[in-house]
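In: A structural model of the following input is requested.
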Amino acid sequence: MNNSRKRKTYTLPIGPLHPMFVEAENLEISLDGETIVDAQLNVGYLHRGIEELMQRRNWIQNIYLSERICGICSGCHSMTYCQVVENLLGIKIPERAKYIRTIILELERLHSHLLYLGVMGYEMGLDTIFHYCWRDREYVMEMLERISGNRVNYAIPTIGGVRRNISSSYIQDFLKKLNYLSKRIRYYDKVFSGDRAVLARTKDIGILSKKDAERFSIVGPVARASGIPEDIRKTSPYLAYNSIDWNVVLLSQGDVQARILVKVRELRESIKIIMRCLGKLPPGDLKVKVPFDVPENEAVARTEAPRGELVYYGRSNGSDHPERIKIRTPTFANLLSLKPMLKGQQLADFPVIVASIDPCFSCTDRITLIDVNSGKKETLSEQELRRRLDV
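Out: Next up, the predicted model:
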């Protein structure tokens, strides 16, 4: 080929339906040969109008709606929702409820991170890692089921506390399972930090610099893998996190391997938090009484979901329905990191890089209608939206 001739790029659409994605989403990749030169993410295929639905339901009904925003971090959504309502009411929950909520959140982090590690093994073609991680995840699911009766959507939090107790008869069995998982995590750390097949697919691949992470306001393990020491559990502690000794996991390489290792090592810290909470679980009530109507107010609640900072904004008007609930999920913040991660990488590494941020598109999707002539944004009623879509 004549070197003086300018090479043309071509666009490869990936999705909205693609074997790589469990959820429907579309990325348009600009390629120069096999090298990625740009990426465009088009969201909106899984928009369910959750925020609008919340304004049509009362405060209690919305606990169960928020829990169904995401199947992997369902407990984190319902607890953050309950926290924002408690902040609107200006109430504090009992100490025992704080510890039980903390235990549930960390068990959820364990199952989410183990699921993620299995998926990363699957994306690299290492099915043995996938099966090992999901087998060990079953121990976590058993603990969640023992407490709540459910493996997904635990229905533990309620406004003012929790609905279920943790019996002292559970503790020895839980400690036994957690000790087993501690040994397995040491094995996963060794695999993801030293196995040659893993290193070939992860080391120096999909780098996100600290500067870019700060520029795009990246959150959670993705940010901590790029050297940003931000963890809401430590920087703005809630529940029992300021009563428990634990460490923020921080790496600086910013590549796929660093993002994996941050989650592997966070598993250790989660086990530490759960075991210490079980050891000092205080006696007392599980919840306090709260009014059905919420006085006029506005509030914010933040928690550290498995993928990063989860923000709920709530505004009440004195009735039994919220006037506004606004949700900012971690994947919504982290999606912009894909552009600098993918630029200059090979097409074969695309699935591993995208999976490394642990995206959840059903949490993320939003729809904003913009008049292309005036640039004016519109918020439509359900009837108007259906009329325009001719549904």
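
In: please count neighbours and contacts with C-alpha atoms only from this point.
Out: Will do.

In: the stretch 151-300 of the chain: helices as residue ranges?
Out: Using DSSP state H, counting those that start in this stretch, the helices of the stretch 151-300 of the chain run over 168-194, 196-202, 210-215, 220-224, 232-235, 256-279.

In: these: which one's closest to Y313?
Out: Y313 lies closest to helix 232-235 among those, at 16.0 Å (Cα to Cα).

In: quick one: low-confidence parts of the stretch 51-200 of the chain?
Out: Regions of the stretch 51-200 of the chain meeting the criterion pLDDT under 70 are absent.

In: how many neighbouring residues does K343 have?
Out: Close neighbours of K343, defined as other Cα atoms under 10 Å, add up to 18.

In: wait, it touches I36, no?
Out: Yes. Using Cα atoms under 8 Å, K343 is in contact with I36, at 5.5 Å.

In: so what pLDDT did L281 get?
Out: Looking at L281, its pLDDT reads 94.

In: so how far is S236 from it?
Out: As defined by Cα to Cα, to the nearest Å, L281 lies at a distance of 22 Å from S236.

In: higher neighbour count, the two?
Out: Each of L281 and S236 has its neighbours counted (other Cα under 10 Å); L281 has more, 18 against 13.

In: so where's the longest helix in the chain?
Out: helix 95-123 (DSSP state H).

In: residues of that one that come out buried?
Out: Under the neighbour-count criterion of 16 or more other Cα atoms under 10 Å, helix 95-123 has 95-123 buried.

In: of the helices of the stretch 151-300 of the chain, which stretch is the most buried?
Out: The highest average neighbour count among the helices of the stretch 151-300 of the chain, using mean count of other Cα atoms under 10 Å, belongs to helix 220-224 at a mean of 29.

In: who's in contact with it?
Out: Helix 220-224 is touched from outside by 210, 213, 229-231, 249-252, 254, 259, 262-263, 304-309, 330, 334, 357, with contacts defined as Cα atoms under 8 Å, 6 or more residues apart in numbering.

In: in strands, which of those fall?
Out: E304, A305, G308, E309 (DSSP state E).

In: out of those, which are buried?
Out: Buried among the ones in strands among the contacts of helix 220-224 (16+ other Cα under 10 Å): E304, A305, G308, E309.

In: residue nearest the centroid of this protein?
Out: Per Cα atoms, centre = their mean, the C-alpha nearest to the average position across the chain is that of R307, at 3.2 Å.

In: that one contacts A333, correct?
Out: No. Between R307 and A333 there is no contact under Cα under 8 Å: 10.2 Å.

In: which residues are in contact with both of those two?
Out: Joint contacts of R307 and A333 (Cα under 8 Å, 6+ apart) are V219.

In: sorry, back to before: minimum distance to L89: which of the helices of the stretch 151-300 of the chain has it?
Out: helix 232-235 (22.2 Å).

In: export the closest one as CSV, just CAs?
Out: Once non-C-alpha atoms are left out, helix 232-235 reads as follows in CSV (Å, rounded to 0.1, in the frame of the first residue of the first chain):
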residue,chain,number,x,y,z
ILE,A,232,-18.6,6.6,49.7
ARG,A,233,-18.4,4.0,52.5
LYS,A,234,-15.2,5.7,53.7
THR,A,235,-15.4,9.3,52.5
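
In: for it, what is the distance to the chain centroid?
Out: 15 Å (Cα atoms, centre = their mean, to the nearest Å).

In: ok, and what's touching that helix?
Out: Residues outside helix 232-235 that contact it (Cα under 8 Å, 6+ apart) are Y241, N242, V248, R302, T303, E304, E309.

In: tell me how far the fourth one lies from M341.
Out: Using Cα to Cα, we find R302 at a distance of 27 Å from M341.

In: pLDDT score for V391?
Out: With respect to pLDDT, V391 scores 44.

In: just P351 next, same as before
Out: pLDDT at P351 comes out at 90.

In: how about it, what does it touch?
Out: Neighbour list for P351: M20, E123 [criterion: Cα under 8 Å, 6+ apart].

In: which helix or which strand is home to it?
Out: Per DSSP states H and E, P351 falls inside helix 350-356.

In: mind exporting that helix as CSV, just the C-alpha atoms?
Out: Output of helix 350-356 as CSV, limited to C-alpha atoms (Å, rounded to 0.1, in the frame of the first residue of the first chain):
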residue,chain,number,x,y,z
PHE,A,350,-13.3,-4.9,22.7
PRO,A,351,-15.5,-7.4,24.7
VAL,A,352,-13.0,-7.6,27.6
ILE,A,353,-12.6,-3.8,27.8
VAL,A,354,-16.3,-3.1,27.8
ALA,A,355,-17.0,-5.9,30.3
SER,A,356,-14.2,-4.6,32.6
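
In: report the buried residues of that helix.
Out: Result for helix 350-356 [16+ other Cα under 10 Å]: buried residues F350, V352, I353, V354, A355, S356.

In: in contact with the fourth one, which residues?
Out: Listed by Cα under 8 Å, 6+ apart, the contact set of V354 reads L338.
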